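1. need a 3D model of the sequence below.
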Amino acid sequence: MKMYYNKYFSKQFLFSLVFNPNNMSFVVCCLLLAEIVVNIIVIQHVKYTEIDWVAYMQEVEGVLNGTFDYTYLKGDTGPLVYPAGFIYIYAALYYVTNHGQNIRRAQYIFAFLYIALLYLVFRIYMKSKKVPPYVLVLTCCSSYRIHSIFVLRLFNDPVAMVLFYASVNLFLNSKWSLASLLYSMAVSVKMNILLFAPAILLTYLTCLGLKGTLIQLTICASVQVLLGIPFILTNPMAYIHGAFNLGRVFLYEWTVNWRFLSEDIFTNSYFHIGLLALHMTLLLFFYSSALIYLRSYATLISIQKKVRRQLSDCTEKLNMDTASQLFLLPLFTANLIGIACSRSLHYQFYVWYYHSLPYLLWCTRFTSIGRLCILGIIEMCWNTFPSTSLSSLTLHLCHIIILLGIARNRPNLKVE
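-> Numbering: from 1, shown residues only. The predicted structure is shown next:
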């Protein structure tokens, strides 16, 4: 008994629970249990705010009534602008929630989605062993906006991100085809998932070669075609333009990141083209380092497969932890670049990168205090409603600082 007490109640053990990424399991279990309680409290005691749920139900109802032409699918907030996967998922929610009327039931479904997303994210952090446990605690405790996006707003962004993080877990387990399937399903719910696509394509090419890449791209494309068949056969141009409209103009009143610009500049097509050019430039800038990381990733997983039986459990685990880090950094960096260059960010878009921010910051050389300050400032920017010129500029500054920190920590190697 004394030995047990000395082991699990010593200062050293308690210190490791807070700061050692290798001892994250206990903290993760506690956080998941705590989040279940928190979500129940939020649902029961915080007022639900209607934004898009009714519009989602109206759009889905049109399909259920036999309308497959995207030209005629609309809701109170405007035309349907999401791919077919969104329709199938929200059609299921339509029936489960009594045609969208049982909001409380919908909230509990989204609470379940939130816990599922946390589990998937925590699993990634446990596997990579990059971020200390206390950061995950602070992330959960400070995520007011994220809780709101899930259980108080019922947006479709969380659904897409749950599918995405499920695919990331499968990628890390080298379950390529199933990962591609879930990734494409996430894209079919909301197109922001395409921001990860440059890193995923590069991963395919480095790990699977050209033939393997074509197979995975075929899987991704097949998912989109199969899900969209009823709408493609009815009016293909309306479906493509409605569900995959890359030129859609956002409303200035909801922008989080460009409030310091005038509305004329915000809606100007040349401004949009400039942001796209900046996006491509930054992806090219980080291409060399991403290729180095992913080539190393491919080498490590290849070695792990070939000599698994010869390696000790400890060595194998170390190799795969390193491999996961080499995959995650290019993936999350590509997404951050896309978000930083976005034509507009709305409040629900915060979930697009919230859970990857700690990982990105712990891939820089910043001090722990500096990293936490950046996380706190970003949280303040996203919780400023309505957004201001100062909050928008500050958000951009934080994005720039993170990208500079990642760039500064790039490997000094030449890509042949």
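
2. residue nearest the middle of this structure, spatially speaking?
-> The central residue of the chain, meaning the one whose C-alpha is nearest the mean C-alpha position (Cα atoms, centre = their mean), is residue 352 at 4.2 Å.

3. so how far is residue 245 from that residue?
-> Applying Cβ to Cβ, to the nearest Å, one obtains 18 Å for the distance of residue 352 from residue 245. Any C-beta I mention is one placed from the backbone N, CA and C, and that applies to glycine too.

4. number of residues surrounding residue 249?
-> Using other Cβ atoms under 10 Å, the number of residues around residue 249 comes to 12.

5. just checking, it touches residue 267?
-> Yes: proximity of residue 249 to residue 267 meets the contact threshold set by Cβ atoms under 8 Å, at 5.8 Å.

6. can you pull the contacts of the nearest residue to residue 67 once chain neighbours are set aside?
-> The shortest distance from residue 67 to any residue other than its chain neighbours is 6.1 Å, reached at residue 73 (Cβ to Cβ, 6 or more residues apart in numbering). Residues near residue 73 by Cβ atoms under 8 Å, 6 or more residues apart in numbering: 59, 62-63, 67, 79-80, 242.

7. and residue 73, its phi and psi?
-> Per-residue torsions, residue 73: phi -90, psi 110 (degrees, to the nearest 10).

8. how close does it sit to residue 104?
-> The gap separating residue 73 from residue 104 is 27 Å, by Cβ to Cβ.

9. kindly report the same for residue 212.
-> From residue 212 over to residue 104 the distance is 46 Å, taken as Cβ to Cβ.

10. so which of these two has more stuff around it?
-> Remark: of residue 212 and residue 104, residue 212 carries more neighbours, 14 against 11, as counted by other Cβ under 10 Å.

11. shaky segments in the stretch 1-150 of the chain?
-> Within the stretch 1-150 of the chain, the segments meeting pLDDT under 70 span 1-10, 13, 15.

12. what residues of stretch 190-209 count as buried?
-> Neighbour-count burial for stretch 190-209, counted by 16 or more other Cβ atoms under 10 Å, picks out 190-196, 198-200, 202-208.

13. ditto for stretch 105-113
-> Using 16+ other Cβ under 10 Å, the residues of stretch 105-113 that count as buried are 106-107, 109-111, 113.

14. got those residues as a markdown table, with distance to residue 174 and secondary structure columns?
-> As requested, these are arranged in a markdown table below (distance: Cβ to Cβ, whole Å; DSSP: H, G, I helix; E, B strand; the rest coil):
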| residue | distance to residue 174 | secondary structure |
| --- | --- | --- |
| 106 | 36 | helix |
| 107 | 36 | helix |
| 109 | 31 | helix |
| 110 | 31 | helix |
| 111 | 32 | helix |
| 113 | 26 | helix |
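
15. as a markdown table, those with distance to residue 31 would be great.
-> As requested, the buried residues of stretch 105-113 are exported to a markdown table (distance: Cβ to Cβ, whole Å):
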| residue | distance to residue 31 |
| --- | --- |
| 106 | 24 |
| 107 | 20 |
| 109 | 21 |
| 110 | 18 |
| 111 | 15 |
| 113 | 16 |
